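Undergrad: Just to be clear, the model below is a prediction. Sequence and coordinates:
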Amino acid sequence: MSIPVPTPCPVCNGSATHPFVEKNGYAFLKCAGCGYIFCHPRPSQAELGAHYAKSDGDEGISRDFYPKAASRKRRGFANALKLLPHIWGQRALDLGCGGGFVVGGFKALGAREAVGLDINPNAIEYARQHFAKCDFHLGTFDDFSGGKLGRFGFVYSSEVIEHVEDVEAYMRFLAEITEPGAKVFITTPDINAAEVPDDVIAWDVFSPPVHIQFFTEVTLAHLFARFGFTPIKRIPDRGGAGLKMLFRKSV
């Protein structure tokens, strides 16, 4: 295994990172201080974008077609419904919105304004065509820093944080776009889940460069605390290895 050069931990800023595993030619470090596991050196955003462009998971998305759209719409509404008390009357954002199915749920369930942001142009075109009462933006969070989207009372970001090249930039964006007291709901794989095999590289979710960092409840809470968010609760992921957490932005 190639040995990556140790680097400060992006979660706790500790210096005790050490080689962990290698898979698909990508080396990972683990922080001895907090347990955060991350790819280093990280693929560039351009490399990640090129990889996603070749992937077949979103093959065929267009202005008028999205794979499994009916089931995605039902699931998006159900996911929004579970968070109804935090959505009602708020400016609500789905960061990594795909085809806009959760954003549509926000609007149907009483969000004052329902907004989506995604890097996939075909997904955004589909969302704009099928959820006309919502507002969709194409680009990265870097493209919309500096107050371009305003601030939100609720942010939803599902299965996004494990993909991003710069997790600290992602967190700075979350802190920038959330008003005091705002709620943030995050989902990401839980590398500490019982379903994860002892040989972690045998876990199909451990799949660089698709996923380039992995969290536990402790490391995710530690990262969010650095940027002014307090955990409210963890929501069980029945039968899965998902980490679902709701945070509040400190006043």
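TA: Ah, there it is. The model shown is predicted, which means the values in this text are computed figures rather than measured ones. Numbering: from 1, shown residues only.
Undergrad: State which strand of the protein is the longest.
TA: Secondary structure of the chain per DSSP state E: the longest strand is strand 178-189.
Undergrad: and the next helix or strand after it, what does it pack onto?
TA: Once strand 178-189 ends, the next helix or strand along the chain (criterion: DSSP states H and E) is strand 213-214. On a contact count with 3 or more C-beta pairs under 8 Å, 6 or more residues apart in numbering; DSSP states H and E, strand 213-214 meets strand 37-39. C-betas here are computed from N, CA, C, even on glycine.
Undergrad: Tell me the buried residues in the strand it packs on?
TA: Buried positions in strand 37-39, judged by neighbour count with 16 or more other C-beta atoms under 10 Å: 37-39.
Undergrad: quick one: average pLDDT of the longest strand of the chain?
TA: Mean pLDDT, computed over strand 178-189, is 98.
Undergrad: Same question for stretch 79-96.
TA: Stretch 79-96 carries an average pLDDT of 97.
Undergrad: swap in stretch 211-221?
TA: 97.
Undergrad: And stretch 23-41, by the same measure?
TA: For stretch 23-41, the mean pLDDT works out to 94.
Undergrad: now swap in stretch 149-158 and tell me
TA: For stretch 149-158, mean pLDDT rounds to 98.
Undergrad: from the middle of its chain, how far away would it be?
TA: The chain centroid and the centroid of stretch 149-158 are separated by 12 Å under C-alpha atoms, centre = their mean, to the nearest Å.
Undergrad: and what of stretch 133-146?
TA: Distance, centroid of stretch 133-146 to centroid of chain: 15 Å (C-alpha atoms, centre = their mean).
Undergrad: got the contact list for the residue nearest the centre of the chain?
TA: Nearest to the geometric centre of the chain sits V160, at 2.2 Å (C-alpha atoms, centre = their mean). Counting by C-beta atoms under 8 Å, 6 or more residues apart in numbering, V160 touches 95-96, 170, 188.
Undergrad: Against P197, how distant is it?
TA: With the distance defined as C-beta to C-beta, to the nearest Å, V160 ends up 24 Å from P197.
Undergrad: one step back: now the buried residues of strand 37-39 as JSON lines including distance to G242?
TA: Shown next, in JSON lines, are the buried residues of strand 37-39 (distance: C-beta to C-beta, whole Å):
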{"residue": "I37", "distance to G242": "16"}
{"residue": "F38", "distance to G242": "19"}
{"residue": "C39", "distance to G242": "20"}
